[in-house]
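> Just the structure for this:
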Amino acid sequence: MKVNRFLFPVLITIVIVLTGATINNTGFVKPPKGYVFIPMGMAEIGGKIRTFQAYYISETEVTNAQYWEFLTALKAQGKIQDYELAKIDSARWTQYVPYGTSYYDKTYHLKKDYPVVNISKEGAKLYCKWLSEKYAKNNENVLYEFRLPTNAEWEYAARGGLKKCPYPWGGPYPYNSLGNFLAQFKAFGLDYGPMPVKTYPANDFGVYDMSGNVAEMVGDSTIVRGGSWDSSDYGIQIPTCTEYLVSPTVGFRPVMTFLEKKK
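Numbering: from 1, shown residues only. Now for the predicted structure:
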């Protein structure tokens, strides 16, 4: 079958958009490890129909191990002012755990696979800036941008392609037919505090913990999304949002886009 020569460039463009690939002189550029593709599409967000361009999002909340790599790099680069803005304030655990605080304020930030908490929004943005610079060094032909998701991008990714669903898994309840909970939140039988990332199943986009575990910052608002281990079942529903503050209940996950090919 022959393809019309005028249609061929359009077909190539469609393939690139749908697969999330960007072409440079060396071929296809792959997304960073641990990031999943969110396809272009439409969704009703806040009562309005929104159109979304494709982007990538971290499949998990940023972990303690990932954040400590960033803090270590700031120290090594002599960026002490940035380090002071970004450092973890573990003393904030005392707001939530007046008893046995030594377990949380002394050990939680050392648990590698747990989501980082007790950090400022400035720290989260500095992490994204550092990550952009890190990948720019390793990928000379493409400009990457890591940043906090917008409020709408976060909700679109949380739904996993489902319409008006209260939870990322689509059902009306925070547990499955066997009675097993599908997120970490304030409920009878669940452990206190955050759980390691990927403890619970991902949604249909392959993104973990969009409800519960820790609430997540967004870049264009002073709210956090998704609820946390200290939220009710209503509090971890996708439409619910709460006010941002530095807390043991709040973390973040970046999104990533390809800005352009370097000339």
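
> which residues of this structure fall in strands?
Along the chain, counting by DSSP state E, strands occupy 22-24, 27-29, 35-38, 41-45, 48-52, 55-58, 142-147, 215-217, 223-225, 241-243, 250-251, 255-261.

> Distance to Gly171, mean neighbour count and mean pLDDT added to those strands, as CSV?
Yep, even glycine has a C-beta here, placed from its N, CA and C like the rest. As requested, those are arranged in CSV below (distance: least, CB to CB, whole Å; neighbours: other CB atoms under 10 Å; pLDDT from 0 to 100):
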stretch, distance to Gly171, mean neighbour count, mean pLDDT
strand 22-24, 36, 16, 40
strand 27-29, 36, 12, 53
strand 35-38, 21, 20, 94
strand 41-45, 18, 14, 84
strand 48-52, 23, 11, 88
strand 55-58, 22, 23, 96
strand 142-147, 31, 18, 85
strand 215-217, 21, 27, 98
strand 223-225, 19, 21, 97
strand 241-243, 21, 15, 95
strand 250-251, 24, 28, 98
strand 255-261, 26, 16, 77
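
> how about the ones you listed, which one is nearest Asn180?
strand 215-217 (22.3 Å; CB to CB).

> Using CSV, list the CA coordinates for the lengthiest helix in the chain.
Counting by DSSP state H, the longest helix found in the chain is helix 121-138. Output of helix 121-138 as CSV, limited to C-alpha atoms (Å, rounded to 0.1, in the frame of the first residue of the first chain):
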residue,chain,number,x,y,z
LYS,A,121,7.8,23.8,48.1
GLU,A,122,11.0,25.8,47.4
GLY,A,123,13.0,22.6,48.1
ALA,A,124,10.8,20.6,45.7
LYS,A,125,11.3,23.2,43.0
LEU,A,126,15.0,23.2,43.6
TYR,A,127,15.0,19.4,43.3
CYS,A,128,13.3,19.7,39.9
LYS,A,129,15.8,22.3,38.8
TRP,A,130,18.7,20.0,39.8
LEU,A,131,17.1,17.1,38.0
SER,A,132,16.8,19.2,34.8
GLU,A,133,20.5,20.1,35.0
LYS,A,134,21.5,16.6,35.8
TYR,A,135,19.8,15.2,32.7
ALA,A,136,21.0,18.1,30.5
LYS,A,137,24.6,17.0,31.2
ASN,A,138,23.8,13.4,30.1
